[in-house]
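**Q** return a 3D structure for these sequence lines:
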Amino acid sequence: MPAYRWLTIPYTDYVFCRLYQEREPSKAEAYCLRALERAPTPSLYVDTVRLQLQLRKSNMALRIASEFKSKYPNIPDPYLLLHNVYSLRREGDKALRVLEEGYSKNPESREIMVFLAEEYLRRGELVKARSVLLKLASISPDNPLPYFMLARIALSEGKQQEAIDYLEKSLKVKGTFEAGFITLGSIYEQRGEYSRAEDLYKDILRQDPNNRSALERLANIYTITGRFQEAKEVYQKLAELYPDGGYLYQYSLLLIRSGEAKRAKELLEKLYRENPDNPDIAYTYALLLEYDRETDKALSIYLDLQRKVGNNPKIIERLAGIYIDKKEYSKAEELLKTGLAVEPNSYQLNLLMASLYLS
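**A** Residues are numbered from 1 along each chain as shown. Got it, this is the predicted structure:
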């Protein structure tokens with residue numbers, strides 16, 4: 001057989017290994033194993049181990065990953081791959097040890113450092129985690145992640161200002177780093193420093209005007225601080241950018257809070273037609289129907305909700321109230337007994353039961 005034929009066979013196996021991996025993984029297995037036997041490469045080892053894991057053959061995955069490490073002991077990939085295999089097998093100590101071994105062989109590997117620091121954090125070994133992360137930050141100045149993870153350590157130690165300093169560093173590295181600005185904003189909000197949180201989210205939006213997380217959190221700040229008109233404007237923008245995000249419902253709640261019940265009802269009626277199975281929309285729409293004394297419509301929606309979500313005390317409370325107003329006391333009593341069996345200390349349900357007996 002000519003020499004070139006020997007070169008084409010493993011290449012063909014490799015091609016079919018990749019082609020079948022997504023669509024027919026069981027069919028890909030033979031091609032991957034044969035290609036690995038004839039012409040092993042680091043990328044082929046990675047593909048074959050992932051395939052074995054996809055086929056739920058963790059023992060075979062472990063054997064191949066271990067062989068990979070034996071053949072290529074001085075690159076990061078086999079250690080990261082073995083860490084993944086051990087983690088999926090819930091062999092945490094082995095997962096940690098293989099990362100430590102990989103770190104000793106590849107002390108400049110950013111990927112190994114990230115996973116190793118995460119392992120140390122998970123175990124509460126903060127001194128070791130901090131050491132790895134400080135080194136990662138020094139050799140990877142364009143990566144915000146080590147500063148974010150150092151902030152997590154500081155927060156776990158109750159050092160809030162140190163955490164803030166690290167989070168600010170992460171945002172200097174990458175201005176729109178989501179984990180960084182969300183965590184920093186949450187700290188400001190917890191401290192009641194709403195203006196600082198607002199400035200932070202606005203700064204993110206100057207860099208990325210359609211940043212979903214920043215828009216959501218800015219809308220929440222406006223809502224918390226009673227600036228309903230500004231909150232409505234942000235929710236309108238979110239609804240335009242992300243039509244399936246449920247933001248029109250949030251907008252309807254703001255309409256209610258700002259005294260625009262009629263507009264809220266019109267919007268909720270439309271949302272209810274489009275999303276009849278959404279319990280939040282249905283419940284809020286029914287409340288507004290009650291408010292407008294369209295009791296029969298509200299009753300119909302509450303009954304439908306009860307069928308769908310079961311004996312929720314809030315729904316029972318609304319149903320019982322309507323039945324009491326309609327003087328259908330036996331229905332109200334039966335419902336209240338059901339509700340109190342679920343939530344015996346409910347103030348509203350007990351109040352309704354007392355009202356029923358007085359009636």
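
**Q** going forward, measure contacts between C-alpha atoms and count neighbours the same way
**A** Fine.

**Q** contact partners for residue 283?
**A** 301-302, 305, 315 (Cα atoms under 8 Å, 6 or more residues apart in numbering).

**Q** tell me the SS of it?
**A** Following DSSP: H, G, I helix; E, B strand; the rest coil, we place residue 283 in the helix state.

**Q** now do residue 33
**A** helix.

**Q** how many residues are close by it?
**A** Using other Cα atoms under 10 Å, residue 33 has 19 other residues around it.

**Q** doesn't residue 46 make contact with it?
**A** No. The pair residue 33 / residue 46 is not scored as a contact, 11.8 Å apart, by Cα atoms under 8 Å.

**Q** at which residues are the helices of the stretch 51-200 of the chain located?
**A** 58-71, 77-88, 92-105, 110-122, 126-139, 145-156, 160-173, 178-190, 194-207 (DSSP state H, counting those that start in this stretch).

**Q** of those, which is nearest residue 226?
**A** helix 194-207 (11.7 Å; Cα to Cα).

**Q** ok, and for the closest one, which residues are buried?
**A** Buried positions in helix 194-207, judged by neighbour count with 16 or more other Cα atoms under 10 Å: 194, 197-198, 200-205.

**Q** which among the residues you listed gets closest to residue 41?
**A** Using Cα to Cα, these come closest to residue 41 at residue 204, 43.0 Å.

**Q** find the nearest non-adjacent residue to the closest one, please.
**A** Closest residue to residue 204 apart from its sequence neighbours, by Cα to Cα, 6 or more residues apart in numbering: residue 176 at 5.7 Å.

**Q** thought the one you found was touching residue 201?
**A** No. The pair residue 176 and residue 201 does not pass the contact test of Cα under 8 Å, sitting 9.6 Å apart.

**Q** tell me the contacts of the residue nearest to residue 204?
**A** When contacts are counted by Cα under 8 Å, 6+ apart, residue 176 touches 204, 207-208.

**Q** with residue 30 instead?
**A** Contacts for residue 30 (Cα under 8 Å, 6+ apart) come out as residue 17.

**Q** could you redo the last one with a cut-off of 10 Å?
**A** By Cα atoms under 10 Å, 6 or more residues apart in numbering, residue 30 lies in contact with 13, 16-17, 36.

**Q** please parse this protein into its domains.
**A** Domain ranges of the chain: 1-107, 311-359, per automatic domain parsing.

**Q** chain center to the shortest one, what's the gap?
**A** To tie it back to what came earlier, the one meant is domain 311-359. Centroid displacement of domain 311-359 relative to its chain, using Cα atoms, centre = their mean, to the nearest Å, is 37 Å.

**Q** average pLDDT across it?
**A** Mean per-residue pLDDT for domain 311-359: 89.

**Q** go on, the longest one?
**A** In this model, domain 1-107 has an average pLDDT of 86.

**Q** returning to that earlier point: closest to residue 160 among the buried residues of helix 194-207?
**A** Distances from residue 160 to these, taken by Cα to Cα, are shortest for residue 197, at 15.2 Å.

**Q** from residue 154, how far out is that closest one?
**A** Noted for residue 197: a distance of 20 Å to residue 154, by Cα to Cα, to the nearest Å.

**Q** again with residue 237
**A** 36 Å.

**Q** more neighbours, those two?
**A** Ranked by neighbour count (other Cα under 10 Å), residue 237 and residue 154 place residue 154 first, with 20 against 17.

**Q** thought that one was touching residue 121?
**A** No. Assessed by Cα atoms under 10 Å, residue 154 is found out of contact with residue 121, at 11.4 Å.

**Q** what touches both of the two?
**A** residue 130.

**Q** so where do the helices sit in the stretch 201-350 of the chain?
**A** For the stretch 201-350 of the chain, the helices defined by DSSP H, counting those that start in this stretch cover 212-224, 228-241, 247-257, 261-274, 279-291, 295-309, 313-325, 329-342, 347-358.

**Q** nearest spatial neighbour of residue 87, skipping sequence neighbours?
**A** Counting by Cα to Cα, 6+ apart, the residue nearest residue 87 is residue 95, at 5.9 Å.

**Q** so that neighbour is in contact with residue 78, correct?
**A** No. With contacts counted by Cα under 10 Å, residue 95 stays clear of residue 78, the gap being 12.0 Å.
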